[in-house]
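A.B. asks: mind looking at a prediction? Sequence and model below.
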Amino acid sequence: MNQSALIRPDWTPATIAMMVLGFVVFWPLGLAMLAYILFGERLKGFKKDANNTVDGFCSSFKRKGQRYGRAGFGTGNVAFDDWRDAELARLDEERRKLDEMREQFDEYVRELRRAKDQEEFDRFMRDRNSGGSVPGFPAH
């Protein structure tokens, strides 16, 4: 089992144990773990927004540097500078593609988790409605 599945922003035994241990050792650690459990899913969106903001801010400097010529950024060899600019543009495009693939994969994993949760809930309701006893719940 990998760590990302073990420590995810959810009420799992591992996260509960870490929260309790955090409160025992140093109460702000326990509070931080509680915040992670409650608001952890929102951190991904916050991180993505922050990264996009910083990328946009930094790219504005890059564009300004290219607009005013290559003073300070060029080597003096026009052919090399052109090749480097083309390679950087290609790498930027590859990075964009990788970011899109990562977003698609994240969405796929979210859908798998949602489908698994739905399947578990449906199984619970089937067992409960069929008259079978569900552990921890009295049969009706």
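C.D. replies: Sure, I can see it.
A.B. asks: how far away is Lys44 from Val54?
C.D. replies: According to Cβ to Cβ, to the nearest Å, Lys44 and Val54 sit 16 Å apart. For the C-beta atoms, the positions are set from N, CA and C on the backbone; glycine is no exception.
A.B. asks: I'd like the average pLDDT over the helix or strand hosting Arg84.
C.D. replies: Using DSSP states H and E, Arg84 sits in helix 78-129. Computed over helix 78-129, the mean pLDDT rounds to 94.
A.B. asks: let's have the chain start at 323 instead
C.D. replies: Sure, I'll start numbering at 323, so the last one becomes helix 400-451.
A.B. asks: so the residue nearest to the spatial centre of the chain is in which element?
C.D. replies: Closest to where the C-alpha atoms of the chain average out (Cα atoms, centre = their mean) is Lys366, at 4.0 Å. According to DSSP H and E, Lys366 maps onto helix 349-389.
A.B. asks: what's that helix packed up against?
C.D. replies: helix 335-347 (3 or more Cβ pairs under 8 Å, 6 or more residues apart in numbering; DSSP states H and E).
A.B. asks: buried set for the helix it packs on?
C.D. replies: Using 16 or more other Cβ atoms under 10 Å as the test for burial, helix 335-347 gives 337, 340-341, 344.
A.B. asks: what's the answer for stretch 350-369, then?
C.D. replies: Buried, per 16+ other Cβ under 10 Å, within stretch 350-369: 352, 355-356, 358-359.
A.B. asks: now Leu351. Nearest residue, chain neighbours left out?
C.D. replies: Nearest non-adjacent residue to Leu351, counting by Cβ to Cβ, 6 or more residues apart in numbering: Gly344, 3.4 Å away.
A.B. asks: quick one: pLDDT of the one you found?
C.D. replies: 88.
A.B. asks: hmm, back to that, distance check, the residue nearest to the centre of the chain against Asn373.
C.D. replies: The value you get for Lys366 to Asn373, if Cβ to Cβ is used, is 11 Å.
A.B. asks: where do the contact lists of these two overlap?
C.D. replies: Common neighbours of Lys366 and Asn373, using Cβ atoms under 8 Å, 6 or more residues apart in numbering, do not exist here.
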